[in-house]
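1. model this:
(one chain, ligands or ions: 1)
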Amino acid sequence: MEFLAAVKNRRSIYGLGKDISVSEERIKEIVKEAVLHTPSAFNMQSARVLLLFGEHHHKLWSIVKETLRKIVKPEAFPKTEEKINTFDAAYGSLLYFDDTAAVASFQEQFPRYKENFAMWAQHANGMLQHVIWTALEAEGLGVNIQHYNPIIDDEVKATWGVPASWQLIAQMPFGSITEAAGDKEFAPIEERLKIYP
Ligand SMILES: Cc1cc2nc3c(=O)[nH]c(=O)nc-3n(C[C@H](O)[C@H](O)[C@H](O)COP(=O)(O)O)c2cc1C
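-> The predicted structure is shown next:
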């Protein structure tokens, strides 16, 4: 039940700050355990994660901001900048990747399922994102998920020496909660879940 309560409690928190009461060691441990124990198809283990603190976290959001500055209309940029600043205001960030080399290796080993491995890698990556998101929120942190890939991919790879085979999937800022999540609407459960008999 504690697990379900944590699942229920997980939200997208957009008001994030640096005033956290969880240690970096605890955050590292959570991410490590999640990477180790989240399942993957054929036990492929293709998900890769960068955990960024301090200047590395700020560098990520500076890359996003400067990349967007080049492509967003100047009159629209202040709003964009304001949004990116909310992610930069967080304590740290996680970057999620799929290692396409691992996917290719499994495609070769199991040609019968060739078409499925890239999709299964995405499924497993999504599971990992959910485990980490929920576990960090269970520690009292606020978390949200962003997708500035693929426009930031090259610079992210160059900055952290990420192997060429790693494909960026998502960015996840986390920190203290400066503004709680609002109400959420739920589509009727009867239309989404059928139970027999
Ligand atoms: C696969 C996936 C992709 C998402 N992508 C984004 C995103 O790019 N930017 C964003 O602000 N929120 C993103 N979200 C957050 C959803 O909008 C949010 O989870 C949903 O509205 C439900 O709200 P809750 O997270 O507070 O429960 C994403 C969520 C999921 C599961």
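2. quick one: the strands in this protein?
-> Listed in chain order, the strands of the chain (DSSP state E) span 15-17, 47-53, 92-99, 142-143, 166-179.
3. is any part of stretch 80-87 close to the ligand?
-> No - judged by C-beta under 6 Å from any ligand atom, stretch 80-87 stays clear of the ligand, getting no closer than 9.1 Å. For the C-beta atoms, the positions are set from N, CA and C on the backbone; glycine is no exception.
4. close to the ligand: what parts of this structure are there?
-> 11-12, 144-147, 181, 184.
5. who wins for neighbours among these?
-> Asn144 (20 neighbours; other C-beta atoms under 10 Å).
6. surely it and Pro173 touch.
-> Yes - shown here, Asn144 and Pro173 form a contact pair, counting by C-beta atoms under 8 Å, at 6.2 Å.
7. bridging residues for the most centrally placed residue in the chain?
-> For the chain, Met172 is the residue whose C-alpha lies nearest the centre (C-alpha atoms, centre = their mean; 3.9 Å). Beta bridges link Met172 to Leu94, judged by DSSP bridges.
8. ok, Gly142 next?
-> Where Gly142 sits in a bridge, its partners, by DSSP bridges, are Gly175.
9. how far away is it from the ligand?
-> 11 Å (C-beta to the nearest ligand atom, to the nearest Å).
10. residues contacting that residue?
-> Residues near Gly142 by C-beta atoms under 8 Å, 6 or more residues apart in numbering: 13, 15-16, 90, 174-178.
11. now with 6 Å, please.
-> With contacts defined as C-beta atoms under 6 Å, 6 or more residues apart in numbering, Gly142 is in contact with 13, 16, 177.
12. quick check: Thr86 vs Lys73, distance?
-> According to C-beta to C-beta, to the nearest Å, Thr86 and Lys73 sit 20 Å apart.
13. neighbour count winner among the two?
-> Thr86 (17 against 7).
14. quick one on the thing from earlier: wait, isn't the residue nearest to the centre of the chain in contact with Ile145?
-> Yes - using C-beta atoms under 6 Å, Met172 makes contact with Ile145 at a distance of 5.2 Å.
15. mind listing what's buried along the longest helix belonging to the chain?
-> In terms of residue count, the longest helix belonging to the chain (DSSP state H) is helix 117-138. The neighbour-count check on helix 117-138 (16 or more other C-beta atoms under 10 Å) flags 117-118, 120-122, 124-126, 128-129, 131-138 as buried.
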